[in-house]
Each structure stands twice: as structure tokens, then as C-alpha cells.
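Q: sequence and predicted structure are below.
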Amino acid sequence: MGIIVCQSCDATIDHVEDEKVTVLYSTCEHCQHEKEKFVSELD
């Protein structure tokens, strides 16, 4: 069993089937949206 965790806010995004216990990091939809919004404001 593994989990996917947001690297920005530490929220659990999803659970995945795996042979061992793992923690994978990604970015949740909320944080990804905020990042895109921030980048577009810089342009």
C-alpha cells in the first residue's frame, strides 16, 4: 500500500496498490492551480 502526498500542503491525494509501503510526492489540484495563477501574475 502506498500513498500520494502533495509536496506543497502535505494533503493525501490518493492511495495506490504497491508491494511495499511507499510515499510518493506530487502536487494536488488546489496547489497546482495556485502555482499556475502565481506564474501567470508574474508574466
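A: Good, I have the coordinates.
Q: what about the helices in this structure?
A: Taking DSSP state H to define them, one finds helices in the chain at 29-42.
Q: quick one: low-confidence ranges for it?
A: 39, 43 (pLDDT under 70).
Q: so what's the residue count around residue 34?
A: 14 (other C-beta atoms under 10 Å). All C-beta atoms are positioned from the backbone trio N, CA, C, and that covers glycine.
Q: measure it to residue 26 for me?
A: Using C-beta to C-beta, to the nearest Å, residue 34 is found at 15 Å from residue 26.
Q: same deal with residue 17?
A: Residue 17 is 17 Å from residue 26, by C-beta to C-beta.
Q: for those two, indicate the residue with more neighbours.
A: In this view residue 17 and residue 26 are compared by other C-beta under 10 Å, and residue 26 has more residues nearby, 13 against 6.
Q: bridging residues for the more buried one?
A: Beta-bridge pairing for residue 26 (DSSP bridges): residue 6.
Q: okay but it is in contact with residue 10, surely?
A: No - counting by C-beta atoms under 8 Å, residue 26 stays clear of residue 10, with 11.7 Å between them.
Q: how distant is stretch 1-17 from the center of its chain?
A: From the chain centre to the centre of stretch 1-17 is a distance of 7 Å (C-alpha atoms, centre = their mean, to the nearest Å).
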